[in-house]
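[1] Have a look; sequence and predicted model below, questions after that.
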Number of protein chains: 2
Amino acid sequence: MSLAQALDDLQLFLGERFSRSKPDLDAHAQSESHFPPAPPDAVAYPESTAEVAQIVKVCAKYDVPVVGWGAGTSLEAQAQAVRGGIIVDFARMNRVLNIRAEDMDVTVQPGVTRESLNEELRATGLFFPVDPGANASLGGMAMTRASGTTTVRYGSMRDNVLGFEAVLADGTVIRTGTRARKSAAGYDLTALLVGSEGTLALVTEITLRLHGIPESISAGICAFPDMHTAANAVMETIQMGIPMARIEFACADTARAFNTYAGTDMAPLPHLMVEFHGSPESVAQDAARFAEIVADHDGTDFQWSARAEERNALWAMRHNGYYAILASRPGARGLVTDICVPISQLARAVEETQDDIAASGIPGPILGHVGDGNFHAILLIDPDIPAEIDIAKALSARMAERALRLGGTCTGEHGVGLGKKDYMQAEHGHGWQVMGALKATMDPQGILNPGKLVPGR
Amino acid sequence: MSLAQALDDLQLFLGERFSRSKPDLDAHAQSESHFPPAPPDAVAYPESTAEVAQIVKVCAKYDVPVVGWGAGTSLEAQAQAVRGGIIVDFARMNRVLNIRAEDMDVTVQPGVTRESLNEELRATGLFFPVDPGANASLGGMAMTRASGTTTVRYGSMRDNVLGFEAVLADGTVIRTGTRARKSAAGYDLTALLVGSEGTLALVTEITLRLHGIPESISAGICAFPDMHTAANAVMETIQMGIPMARIEFACADTARAFNTYAGTDMAPLPHLMVEFHGSPESVAQDAARFAEIVADHDGTDFQWSARAEERNALWAMRHNGYYAILASRPGARGLVTDICVPISQLARAVEETQDDIAASGIPGPILGHVGDGNFHAILLIDPDIPAEIDIAKALSARMAERALRLGGTCTGEHGVGLGKKDYMQAEHGHGWQVMGALKATMDPQGILNPGKLVPGR
């Protein structure tokens, strides 16, 4: 590794779009996560695929790590340059390249955020549904295999990426996938790259599926006496095939946090928040069927509305859940956990987790995309009490182990990064070694986001 | 390669479940395709994962090819042992291992066929939707990334496989995926294996998503003055978000073939055959909305019915399409093509293909899963006229090139095998070399289904 020469070459090549200033390094040292900062040696701001390829070639020549950066919202330190090297910030590759309304697809550069994409789509009657909460970049979302509240209806990034343009570890540019809705032409390189966290390639274009904005949207909320009845209602709803667009869980502590933070008047009970997409008739019918299930499981009256203001207020509250929960313990930092289990194990997973948190001495309200079996505890840590981070990490570890024991996964949507690497062996067994072998094939020098996802330091 | 020793070892190990009889070799020399027979050296009938692993270990030890075999319905010679070696016939690994109705998933052995799975599921209210027409094995369907008539609603095998147990090229057994509905835990090995055609591993268990049998199903048919108006109706239907469960195209020649073969009375025009799944109210509403679109595009009166007899007759006719078309030219063999394009290019792709076929001198009626942009010409070859196979192959080649030119793929659902290998470089560029590198990593000896899918002889 000859970092100095790489820095010189890249400085010459990119000029003002190559930065070694302390503020820039600090701004790229840490994403929205609890991991300690790890500043890179430099930050590059390419404006084209050719520039990304050239950056990777220089890094390959001098054996220097190269790490992609989108909006810095990852929760498991995926974008931290833990071994130094170059951060490739895609902020200047933020153009929507081609909206093809007839085919309901779009090609974007990786720095486009999901909100700005939906802004650009407004006139088309189409939208991009994957919604992880944060206004993440689509490159980051693809690389993390992000999902979120609407995945129960529209799928995750796995289901909504049709193809990539990507720069391999030697600087070669490939295209994966086509614009056809399906293909049986060989290994699914697109699917291999989705969720690869920048360890196999840097993606420079993404072609995404779009969906029609539904004619009518209705949303509602209801409470349950306990987690068990709420989970049974979710399970029955999914089994009945009611096409839920969202079905979100908030625990009693979360309801209390909402009340304090947003001035709502929720009962201190577990809640489900749901949304239906369709025609005015179908959303009314879906809501009525869901209301029957709620009543059968001792839920409170299911109130729903097709009015946009009420719906927007509901989801604004849900999306501010993290901040509402943070505010419930003044001065606290949040360690956000993320497991996903088969639906039949959801009640058990949540209840065991709640018991474990209750015994730990730190608060940890629970929120979740329960239609997928995915939920998060927001573990609230007092940064002045060093023992609490250890308590939180131990709780997170037991959650991951619990998920695996119940047939699930150690991460539903936040990805591996640094935070979940310790569970990869337990989840995948020898499959993790296979991942390592694939990585070694595609990146023999190990320059692409080293230290992440695969076995090894 | 020491074939003789491998045969001896396997004979000793499997006894009567290892066959070198001529009838057995001949029965495994050719699937339902136009490729010349290529008998293997032996056929093994394992009954467990451990036996499959042992077979692979023996083949690895003696450097002998090993090729999986499901129901022998593949159309691109995927299961032919073109370099000899051992066919692993999964006929005795045909058990449904675990139906988990609560989680709407099932684990099966690879030899289970889709019809037998749905038979076993009958009491649960659930079904497995992927329907390629043939009663294929689920192992074969997964390995081919099969899809079919219902993919527009329920997705392909890519979307419906949750995980595998698989035997790697050295005999190691891995598990991929979990039973959670989604995961962000590392490379998607499940997606890498789906569509890999037995070149990366032999799968020994498959966990599949199930879906609720809809409360109500309605189906109907209508004709259009020409392909262009039919394609526009399809495009508008998809864009409107009408949740079609099937939307199938049959050209005028196909309608004529149905009339002769099945005694129907279809107009000699392009037709769409559609199906809706939902509640009685929603299917009626969907049909009414579709009828409006049909009328707007000069289609004939859209007739639909929620009665099972009429629906079953419609889809029996569709599923017999291949045989009806074959019968339209007595004594002919069929070469089935398979391309998939973006929906906006569908009319153009079909029309150019029809013109090309009309000029070729051989018949080639067209059928397609047009909601996905996927269609097939059944090229009818007189086996006594050797020039016709060349004409058909040239037509098929031009179809593949046309698909690529229009932003699509050389195979929507039949896979690569031998038939589409020639187009892989054009479709994937350097990505095909990446596939070759992945193959070399996972199967360094090249014993798993050699000669297929990846670069090289």
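    Arrived safely.
[2] Secondary structure class of A:Arg402, three-state.
    Following DSSP: H, G, I helix; E, B strand; the rest coil, A:Arg402 is assigned to helix.
[3] I figured it was touching A:Leu346, is that so?
    No: A:Arg402 lies out of contact with A:Leu346 (CB atoms under 8 Å); the separation is 11.6 Å. Bear in mind the C-beta positions are built from the backbone N, C-alpha and C, glycine included.
[4] and the stretch 201-350 of chain A, which residues reach chain B?
    A:211-212, A:214-215, A:235, A:238-241, A:243, A:279, A:281-282, A:285, A:338, A:340-344 (CB under 8 Å from any CB of the partner chain).
[5] What about A:Ser137, how many residues nearby?
    Neighbours of A:Ser137 under the rule other CB atoms under 10 Å in any protein chain shown: 31.
[6] Apart from its chain neighbours, what residue comes closest to it?
    Distances taken as CB to CB, 6 or more residues apart in numbering or on different chains place A:Gly70 nearest to A:Ser137, at 3.0 Å, with adjacent residues excluded.
[7] coming back round to it: looking at A:Arg402 and A:Leu346, which one has more neighbours?
    A:Leu346 (29 against 19).
[8] Show the contacting residues for the more buried one.
    A:231, A:234-235, A:370, A:373, A:375 (CB atoms under 8 Å, 6 or more residues apart in numbering or on different chains).
[9] give me that answer again for 6 Å
    Neighbouring residues of A:Leu346 by CB atoms under 6 Å, 6 or more residues apart in numbering or on different chains: A:231, A:373.
[10] any idea how far B:Pro225 is from it?
    52 Å (CB to CB, to the nearest Å).
[11] A:Tyr187 now?
    For A:Tyr187 relative to B:Pro225 (CB to CB), the value is 42 Å.
[12] where exactly do the strands run in the stretch 1-150 of chain A?
    Assigned by DSSP state E, counting those that start in this stretch, the stretch 1-150 of chain A shows strands spanning A:18-19, A:42-44, A:66-69, A:86-89, A:96-100, A:105-108, A:126-127.
[13] With distance to chain B as extra columns, can I get the ones you listed in a markdown table?
    Below are those laid out as a markdown table (distance: least, CB to the nearest CB, whole Å):
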| stretch | distance to chain B |
| --- | --- |
| strand A:18-19 | 27 |
| strand A:42-44 | 23 |
| strand A:66-69 | 16 |
| strand A:86-89 | 21 |
| strand A:96-100 | 7 |
| strand A:105-108 | 7 |
| strand A:126-127 | 8 |
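[14] Would you point to the one among those strands that's packed deepest?
    Comparing these by mean neighbour count (mean count of other CB atoms under 10 Å in any protein chain shown), strand A:66-69 ranks first with a mean of 28.
[15] Extract the CA atoms of it and return them as CSV.
    Extracted C-alpha coordinates of strand A:66-69, given in CSV (Å, rounded to 0.1, in the frame of the first residue of the first chain):
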residue,chain,number,x,y,z
VAL,A,66,-12.1,2.4,-1.3
VAL,A,67,-15.5,2.8,0.4
GLY,A,68,-18.8,4.1,-1.0
TRP,A,69,-20.8,6.8,0.8
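[16] Relative to the whole chain's centre, how far out is that strand?
    Its chain's C-alpha centre and that of strand A:66-69 lie 17 Å apart, by CA atoms, centre = their mean, to the nearest Å.
[17] can you check stretch A:240-252 too?
    Centroid separation for stretch A:240-252 versus its chain: 18 Å, with CA atoms, centre = their mean.
[18] and for stretch A:221-235, what are the contacting residues?
    Residues from elsewhere that reach stretch A:221-235 (CB under 6 Å, 6+ apart): A:267, A:269-273, A:293-294, A:297-300, A:302, A:343, A:346-347, A:350-351, A:370.
[19] If you could redo that for stretch A:316-323, that was the one I meant.
    Here stretch A:316-323 makes contact (CB under 6 Å, 6+ apart) with A:133, A:248, A:258, A:262, A:273, A:367.
[20] of all those, which comes closest to B:Asn98?
    Nearest to B:Asn98, judged by CB to CB, of these is A:Glu248 at 29.5 Å.
[21] A:Asp286 falls within a helix, correct?
    Yes: per three-state DSSP, A:Asp286 lies within a helix segment.
[22] burial count for the residue nearest to A:Ala394 when sequence neighbours are not counted?
    Excluding its sequence neighbours, the residue lying closest to A:Ala394 (CB to CB, 6+ apart) is A:Ser360, at 7.8 Å. Counted with other CB under 10 Å, the neighbours of A:Ser360 add up to 16.
[23] on that earlier part again, now, the contacts of stretch A:221-235 that are in strands?
    A:271-273 (DSSP state E).
[24] ok, A:Leu404 - contacts?
    So A:Leu404 contacts A:426-427 (CB under 6 Å, 6+ apart).
[25] what's the spacing between it and B:Thr204?
    21 Å.
[26] Please see if stretch A:439-453 touches chain B.
    Yes: using CB under 6 Å from any CB of the partner chain, stretch A:439-453 reaches chain B at A:441, A:453.
[27] Can you measure across that stretch, start residue to end residue?
    Stretch A:439-453 has its terminal residues 10 Å apart, counting by CA to CA, to the nearest Å.
[28] Now find how far off-centre it is within its chain.
    Here stretch A:439-453 is found 22 Å from its chain centre; the criterion is CA atoms, centre = their mean.
[29] got the contact list for the most centrally placed residue in chain A?
    In chain A, the centroid-proximal residue (CA atoms, centre = their mean) is A:Ala146; its distance is 3.4 Å. By CB under 6 Å, 6+ apart, the contact list for A:Ala146 reads A:132, A:157, A:413.
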